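Q: 3D, please:
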Amino acid sequence: MKQKTFAMLLVIFSPLAYAHPGEHHGNMLNAVVHLLSEPDHMAMALIAVVVGVAAARIYRRRAASRIGNTRR
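A: As a prediction, the model looks like this:
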């Protein structure tokens with residue numbers, strides 16, 4: 001029952017979730033300029049970079065730990 005209610009709410013309120021008003025037609029350069037000029041896109045890009053760097057550091061630490069454990 002909860003899943004059906006949640007699904008119905010998503011269907012009802014999804015038209016209200018547009019990211020930007022207006023249309024985004026144009027070439028690839030317009031798309032790149034749009035992505036680099038909107039603050040919400042830049043915030044998501046920054047979050048993606050931070051998460052990627054953190055994941056790489058964790059992966060390298062675990063890999064170095066495994067190498068150190070196998071040499072003993």
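Q: which other helices and strands contact the strand or helix carrying residue 41?
A: Secondary structure from DSSP states H and E places residue 41 in helix 39-70. Helix 39-70 sits against helix 28-37, with contacts defined as 3 or more C-beta pairs under 8 Å, 6 or more residues apart in numbering; DSSP states H and E. Heads up, the C-betas are built off the backbone N, CA and C, glycines and all.
Q: Dump the helix it packs on to CSV, restricted to CA.
A: Taking Å, rounded to 0.1, in the frame of the first residue of the first chain, the C-alpha atoms of helix 28-37 are listed here in CSV:
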residue,chain,number,x,y,z
MET,A,28,26.9,21.0,-28.3
LEU,A,29,28.6,24.2,-27.4
ASN,A,30,25.3,25.7,-26.0
ALA,A,31,24.9,22.5,-23.9
VAL,A,32,28.5,22.8,-22.5
VAL,A,33,28.1,26.5,-21.8
HIS,A,34,24.8,25.8,-20.0
LEU,A,35,26.3,23.1,-17.9
LEU,A,36,29.3,25.3,-16.9
SER,A,37,27.2,28.4,-16.2
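Q: how far off helix 39-70 does that helix point, in degrees?
A: 80 degrees (axes from the mean of the first three to the mean of the last three C-alpha atoms, to 10 degrees).
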